[in-house]
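A.B. asks: Here is my input, please return the structure:
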Amino acid sequence: MANIYGAALAIGSTVEDVQEWPERIRGVTATEVQSDARKYLDPDRSVAGYLLPRESA
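C.D. replies: The predicted structure follows:
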């Protein structure tokens, strides 16, 4: 919890902001998430990376 409060306070949030997060998060609907995903997540502009083990010499 100390890390959460510390990180929030370091970027200008208040203790009250942190305490209100659970209620604000519960207020987000699936429809809102889907709408924003359609708006901001464009498969044609995505980047994929493949992390493969090194080949042995």
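A.B. asks: Can you show me the helices along the protein?
C.D. replies: Shown for the chain, the helices assigned by DSSP state H span residues 2-10, 15-26, 30-40.
A.B. asks: In JSON lines: those helices, plus distance to residue 47 and mean neighbour count.
C.D. replies: Heads up, the C-betas are built off the backbone N, CA and C, glycines and all. Formatted as JSON lines, the helices of the chain follow (distance: least, Cβ to Cβ, whole Å; neighbours: other Cβ atoms under 10 Å):
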{"stretch": "helix 2-10", "distance to residue 47": "27", "mean neighbour count": "10"}
{"stretch": "helix 15-26", "distance to residue 47": "28", "mean neighbour count": "10"}
{"stretch": "helix 30-40", "distance to residue 47": "15", "mean neighbour count": "9"}
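A.B. asks: what would these look like in a markdown table with mean pLDDT and distance to residue 49?
C.D. replies: Listed next are the helices of the chain as a markdown table, based on pLDDT from 0 to 100; distance: least, Cβ to Cβ, whole Å:
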| stretch | mean pLDDT | distance to residue 49 |
| --- | --- | --- |
| helix 2-10 | 97 | 27 |
| helix 15-26 | 97 | 29 |
| helix 30-40 | 96 | 20 |
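A.B. asks: Quick one: closest of these to residue 50.
C.D. replies: helix 30-40 (23.7 Å; Cβ to Cβ).
A.B. asks: how about the closest one as CSV, C-alpha atoms only?
C.D. replies: Taking C-alpha atoms only, helix 30-40 is exported to CSV below (Å, rounded to 0.1, in the frame of the first residue of the first chain):
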residue,chain,number,x,y,z
ALA,A,30,-17.8,-3.1,-20.0
THR,A,31,-19.4,-1.1,-22.8
GLU,A,32,-17.1,1.9,-22.0
VAL,A,33,-14.1,-0.4,-22.0
GLN,A,34,-15.1,-1.9,-25.4
SER,A,35,-15.8,1.6,-26.9
ASP,A,36,-12.4,2.9,-25.8
ALA,A,37,-10.7,-0.3,-27.0
ARG,A,38,-12.2,0.2,-30.5
LYS,A,39,-11.2,3.8,-30.5
TYR,A,40,-7.5,3.4,-29.4
